[in-house]
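[1] Coordinates for the following, if possible.
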Amino acid sequence: MNFVDNLQIGRVCESIIAQWLMRRGFCVLPVYEIAEQQYKGPQLFSCDGDFVAPDMLALKKGGQILFVEAKYK
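    Numbers count the residues shown, from 1 in each chain. Here you go, the predicted model:
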C-alpha cells in the first residue's frame, strides 16, 4: 500500500471518529490542509507563524471543547 492509499484510509477513519463524537452530542469541525497534495497536515496560521492544528475541533452544548487528533493504526 502506498501513501495515498493510507491517506484515504485515514480520512475514512477520521469520519468514523467524527460520527462517534456526533452520536455523543458534539458538533465536529474537521480541519484540512489548505494546499492540496502537500501532505503537511492541518495548520493554524497566525501573525506569529504557522502551527500544527489538530484533526478536528469538537464542541458540545454547555461549553465542552475537544481538540481531537485522529489516528488509524
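[2] pLDDT at the residue positioned nearest the centre of the chain, what is it?
    Geometric centre of the chain, nearest residue: residue 55, 1.8 Å, by C-alpha atoms, centre = their mean. As predicted, residue 55 sits at a pLDDT of 87.
[3] Would you enumerate the residues in contact with it?
    14, 30, 31, 42, 68, 69, 70 (C-beta atoms under 8 Å, 6 or more residues apart in numbering). Quick note: C-beta positions are derived from backbone N, CA and C, even for glycine.
[4] mind showing which ranges of the protein have poor pLDDT?
    Per-residue confidence for the chain (pLDDT under 70) gives these ranges: 33-40, 73.
[5] any chance you could map the helices in it?
    Under the criterion DSSP state H, helices of the chain are mapped to 3-23.
[6] in it, which spans are strands?
    Per DSSP state E, the chain carries strands over the ranges 26-30, 43-46, 49-52, 56-60, 64-68.
[7] Sheet-wise, list the partners of the fourth one with their directions.
    To tie it back to what came earlier, the one meant is strand 56-60. Strand 56-60 has its sheet partners listed here by DSSP bridges as strand 26-30 (antiparallel), strand 64-68 (antiparallel).
[8] Then the second one?
    Taking DSSP bridges as the criterion, strand 43-46 sits next to strand 49-52 (antiparallel) in its sheet.
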